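**Student:** this one's sequence-less:
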């Protein structure tokens, strides 16, 4: 009896322990994906369906990936010097990185905008923003090279940029940090009085893509985060999310999170154009660099601009309206129809969707709840289409498919939520690994999405890949959205920190891809269009080497008669006219980089020898069976030495004064 | 005064000495998982301190206005060592001087210490989860973040679990042993009465 009782008690204790132990939840369930592998498999030699143009964040570059394979094809240097190709190091590309502060060899590239016509991707250009030293860049979709960089004056953190209008009339550059205009020395605590916001409208030349600041809107001082242009019925308008309407200048994580609602700023840019045409703008003296790369000369020029047209929106009625939007909105995304604007209050427990037609009605009926510095604030309810209830935690960005669905990224709850734009009902949610930032649907921001996939760009990678020390790979994830439910197909690593990205059907881009530059069209002043033109010229301390490269020799490959301290410019022309035969040029001790020269192109590496000796140089891009033979020597004599200037290829020394003469 | 039988005295002594482990192992644990923390975050409560990912938890919780968790927040850590020592002392004494009344007192002490600790933990948890900074960046209307007393609870993106750790289980076992001893005494004396 006693034993039985004891046994019973022991069993009871055991049972309680087991029950308590089972209260412990299990970790996140593994995602099973069924036939995912076949959906992302692109057979060797076959092409991907989409180009994915991915911002590189703090690497200042753009990554080009294939979708659905997730394979990385190319990294395009934009704001970052890249020793691999000599971008930003070669004499031809140095001016691209010039600013009013001098050469700025790096930037923080956050957002991509692909050019559109009638709201649809047209495959002409890639635009990107430099966040730190405010700049915008244009990259050619033919050459996949940076062709233009425009500095933005009166800005501090070019974040709400480079979003574009439906026919690529304008791209915008809104300041993330308001600053005193005109480099004023003022106390930081005079924020309300002295700090202003600035939104630049950059006009795009439809033929050349050249960018020019048409006008700047001078706004109250708060932070502009993201933006989208209207399209269809809302074409002519631009929408910006604003946070820190508290106008805090310290501990923003708390002090800029106090108001229940900040604003979405609606800009009637057609109205702004009218005011500008009426001469209502004022010219402000500023200083900013405008750098343009020419494919004809294979070189960039930098021009310092000195003026900008400013429209003071507080004094110009009808240009700007504020719409209250809960808790520090981040994303501000317009659906393909142009009617709905999704505000993502990153600290809010719901998401408002505004209606463009309701906003127009509210403006004409003057349904305002007040004003901010004279700018009308539309009543929240008057602008509202409806709220997405309990969508998730930390909404950031929304993209769309062609079936009326929206896909919103949630950073805190680490998921993508699919919902219906009209009914505001939540349809599905999938976890992301981990903490998604931006997301992209091919054509997702345009009037014509190709809603086959959604790609998540995550902020935390953690345990998804083999560890590589404290710095881990960056990561994206591909989801199939062709059905009702979203399905995870693929994790793929990315470079830099991916922020926004766009994907475009390959058929719009690949047929136009540049293969070579025609040597006869090369207008570089230092070109040598054939070995007969290869030569060395001295101009005082400058020595110009007009060098040619063709499989498998450099001309000239023996150079004598230069002295320590001379500035030697190697102008290397790649004489090849065949696809995929670049040559490289590197010389021992060069303190800058190497250069890669595409077929038909001329690039220049500057070299200042610091000591006496014979210095080898060679081709760095494995070009042919005799690539290892493609090399040469530079003889460097002591300062003041009178070694005669000599250069040659293939002819024994003492027999000729130079090749090609 | 009723005496104890030999087996009970051994059980009581073992029970009391088991509790000495409370000074060397954690008593309670709070575990948290979020999508970004699949490996989980843990906080271990010892007799006189806290260990684990306390700093990470505090850093995360400050977004919703929760206090920074510090050992100094808990005066309990100052006197818990004495309470447990006292209980152990009473247990050892009960075994040595062989009094059933003292065994009852020992059990009462263990139970009230356990219940007291849970009540104390609940009250702290209530304050920690409700007394939020009004200037917190994230304020979800109607939301409070009281951690679960025992078991699992979803708090925004975190799944939180609270339950005994090794020391807690030893404590429970020690109490169980003492109760088993008392029960066996009661059954034994009933038998004695019946057989009389």
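**Tutor:** Great, that's in hand. Predicted, not measured: the structure shown is a model, and the values here were computed from it.

**Student:** hang on, isn't residue A:80 packed against residue A:105?
**Tutor:** Yes. Assessed by C-beta atoms under 8 Å, residue A:80 is found in contact with residue A:105 at 6.7 Å. C-beta: built from backbone N, CA, C; applies to glycine.

**Student:** and for the two, which residues touch both?
**Tutor:** Applying C-beta atoms under 8 Å, 6 or more residues apart in numbering or on different chains, one finds that residue A:80 and residue A:105 are jointly contacted by residue A:88.

**Student:** those two: which is more packed in?
**Tutor:** Neighbour count, other C-beta atoms under 10 Å in any protein chain shown: between residue A:80 and residue A:105, residue A:80 has more, with 21 against 14.

**Student:** gap between residue A:391 and residue A:361?
**Tutor:** 26 Å (C-beta to C-beta, to the nearest Å).

**Student:** likewise for residue A:125?
**Tutor:** Applying C-beta to C-beta, the value for residue A:125 to residue A:361 is 36 Å.

**Student:** repeat that for residue A:47.
**Tutor:** 48 Å.

**Student:** for the stretch 251-400 of chain A, which residues are neighbours of chain B?
**Tutor:** Applying C-beta under 8 Å from any C-beta of the partner chain, one finds that the stretch 251-400 of chain A approaches chain B through A:253, A:254, A:255, A:257, A:258, A:347, A:349, A:393.

**Student:** quick check, nearest of those residues to chain B?
**Tutor:** residue A:257 (3.8 Å; C-beta to the nearest C-beta).

**Student:** quick one: secondary structure of that closest one?
**Tutor:** Classification of residue A:257 by DSSP: H, G, I helix; E, B strand; the rest coil places it in coil.

**Student:** that one - how many residues pack around it?
**Tutor:** With other C-beta under 10 Å as criterion, residue A:257 counts 23.

**Student:** that one: what's it in contact with?
**Tutor:** Residue A:257 touches A:327, A:328, A:347, B:135, B:136, B:137, B:138, counting by C-beta under 8 Å, 6+ apart.

**Student:** filter these down to the buried ones, PyMOL style.
**Tutor:** This is how PyMOL selects the buried members of the contacts of residue A:257, with burial counted by 16 or more other C-beta atoms under 10 Å in any protein chain shown:
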select buried, (chain A and resi 327+328+347) or (chain B and resi 136+137+138)
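
**Student:** nearest to residue A:186, of the contacts of residue A:257?
**Tutor:** residue A:328 (25.5 Å; C-beta to C-beta).

**Student:** could you measure from the closest one over to residue B:113?
**Tutor:** Where residue B:113 is concerned, residue A:328 sits at a distance of 47 Å (C-beta to C-beta).

**Student:** for residue B:188, give me the pLDDT.
**Tutor:** You'll see residue B:188 listed with a pLDDT of 82.

**Student:** checking it next. Helix, strand or coil?
**Tutor:** Residue B:188 is classified as helix under three-state DSSP.

**Student:** that one: neighbour count?
**Tutor:** 15.

**Student:** so it touches residue B:5, yeah?
**Tutor:** Yes. Using C-beta under 8 Å, residue B:188 makes contact with residue B:5 at a distance of 6.3 Å.

**Student:** what mean pLDDT does the helix or strand containing residue A:53 get?
**Tutor:** Here residue A:53, judged by DSSP states H and E, is contained in strand A:50-55. Taken as a whole, strand A:50-55 carries a mean pLDDT of 98.

**Student:** ok, stretch A:189-199 next?
**Tutor:** Rounded mean pLDDT across stretch A:189-199 is 95.

**Student:** give me the residues contacting it.
**Tutor:** Taking C-beta under 8 Å, 6+ apart as the rule, stretch A:189-199 contacts A:154-155, A:160, A:172-175, A:178-181, A:184, A:186, A:216-224, A:240, A:247-249, A:267.

**Student:** contacting residues for residue A:563?
**Tutor:** Contacts of residue A:563 (C-beta under 8 Å, 6+ apart): A:609, A:636, A:637, A:638, A:639, A:640, A:641, A:643.

**Student:** residue ranges for the strands of chain B, please.
**Tutor:** For chain B, the strands defined by DSSP state E occupy B:28-34, B:37-45, B:50-52, B:151-155, B:158-164.
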